[in-house]
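Asks: output the structure for:
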Amino acid sequence: VPMYKVKPISGGHIETDLPTCMYKLPNIHAQQGNSCTSEHALQNGEVDPAVRALEARQDEIMRKLHELKAAVEGLAKTVTTPDADLDLTVSSSLSSHSCSSATFKGVTDLDTVLGKDLGALRDIVINANPAQPPLSLLVLHSLLSQRYRVLSTVHVHSSVTSVPPQLLSCLGPRHADSYARQMFQLGFTLIWKDVPKLQMKFSVQNMCPIEGEANVARFLFKLLAPYPSDPALATLVDSWVDTAFFQLAEGSAKERSAVLRALNSALGRNPWLAGPEFSLADIACYCCVQQSGSASAAPANVQRWIKSCENLGHFSPAKLLLQ
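Replies: As a prediction, this is how the structure comes out:
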């Protein structure tokens with residue numbers, strides 16, 4: 001069998017010295033120099049720079065598609081709520097508060113409380129009346145932002161004509177990566193709306209709205225730590241939460257005075273209302289004492305406890321709204 005030589009010729013083709021005719025084929029290695037150099041590069045496992053550039057472009061396209069998909073999924077959740085007529089987006093934040101001295105015995109897994117939700121961000125949507133700002137929710141939002149990557153947004157509903165500036169920024173400044181929803185674990189959306197009671201919606205398709213600041217606070221606190229396993233201790237926490245919202249926040253002057261005496265007595269025995277551990281009872285009672293204007297006239301143990309709460313740092317958003 002005769003041996004045939006392959007040699008490059010002008011015009012980006014190669015020719016073979018066949019006895020009867022000449023065949024011209026495209027030179028696939030033209031951009032890499034001569035064919036010998038290209039064959040040597042491929043044998044050594046090197047990648048064509050053009051291929052590397054193509055792969056880089058493909059990775060960038062896939063990244064943008066992923067971000068677009070996450071944004072569309074988040075938008076789909078928003079437009080399926082009864083509050084789809086939001087007319088003003090004010091702020092978004094990924095809070096990074098300093099570590100608090102308040103510790104919780106157990107760590108809650110989001111999937112355990114909220115259920116597994118593959119792909120889309122888990123959104124918590126809260127409707128609140130600006131005439132009655134939910135101070136406890138601001139404290140809980142601060143604690144949640146320490147535990148999870150929280151995408152926080154504030155909106156104004158068309159039923160409200162004006163909202164004070166401090167309410168528009170109550171969840172912090174807008175975060176630079178707020179467009180990339182896939183970076184966050186939890187969505188926290190606060191909507192200032194003309195509603196008689198605070199409302200929370202989590203799973204739009206499967207769950208009825210939760211009404212009342214006390215009930216919403218219980219739900220949010222379970223994302224931070226499980227409720228006490230001791231039934232008596234859990235009942236004590238619930239009792240203080242109810243006392244805070246129904247007697248301190250909505251009760252008469254006589255009822256508030258009675259609650260302050262009960263608080264002073266309990267705090268004379270323990271540093272926190274439910275014993276040695278900080279709990280939802282402390283959050284609820286602190287916020288309602290402040291909102292009712294009872295802090296300045298509170299007894300000594302209550303005054304000390306108020307300072308202990310404020311030293312944790314997470315009560316700052318609530319305190320700012322009272323100034």
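
Asks: was I right about Ala295 contacting Ile306?
Replies: Yes: with contact defined as CB atoms under 8 Å, Ala295 counts as touching Ile306 (6.0 Å). Every C-beta, even on glycine, is put in place using the N, C-alpha and C of the backbone.

Asks: between these two, what contacts are shared?
Replies: Residues touching both Ala295 and Ile306 by CB atoms under 8 Å, 6 or more residues apart in numbering: Val289.

Asks: out of the two, which sits in the more crowded spot?
Replies: Ile306 (19 against 15; other CB atoms under 10 Å).

Asks: what are the buried residues along the helix or strand containing that one?
Replies: For Ile306, the host element (DSSP states H and E) is helix 300-311. Within helix 300-311, the residues that count as buried by 16 or more other CB atoms under 10 Å are 301-302, 305-306, 308-309.

Asks: could you export the residues you listed as CSV, including distance to Ile61?
Replies: Listed next are the buried residues of helix 300-311 as CSV, based on distance: CB to CB, whole Å:
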residue, distance to Ile61
Asn301, 63
Val302, 60
Trp305, 56
Ile306, 55
Ser308, 53
Cys309, 50
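
Asks: counting contacts, what elements does the helix holding Ile306 pack onto?
Replies: With contacts taken as 3 or more CB pairs under 8 Å, 6 or more residues apart in numbering; DSSP states H and E, helix 300-311 sits against helix 253-269, helix 280-291.

Asks: nearest to Leu186, out of these?
Replies: helix 280-291 (18.0 Å; CB to CB).

Asks: what residues does that closest one touch?
Replies: Contacts of helix 280-291 (CB under 8 Å, 6+ apart): 135-136, 139-140, 214, 217-218, 221, 236-237, 240-241, 243-245, 248-249, 260, 263, 272-274, 295, 298, 302, 305-306, 309, 315, 318-319, 322.

Asks: show the buried residues in those.
Replies: By 16+ other CB under 10 Å, these give 135-136, 139-140, 214, 217-218, 221, 236-237, 240-241, 243-245, 248-249, 260, 263, 272-274, 298, 302, 305-306, 309, 315, 318-319 as buried.

Asks: could you tell me which of these belong to helices?
Replies: 135-136, 139-140, 214, 217-218, 221, 236-237, 240-241, 243, 260, 263, 302, 305-306, 309, 318-319 (DSSP state H).

Asks: quick one: the helices in this protein?
Replies: In the chain, the helices defined using DSSP H lie at 35-43, 49-79, 110-114, 135-147, 165-168, 213-221, 231-243, 253-269, 280-291, 300-311, 316-322.

Asks: thanks a lot, catch you later.
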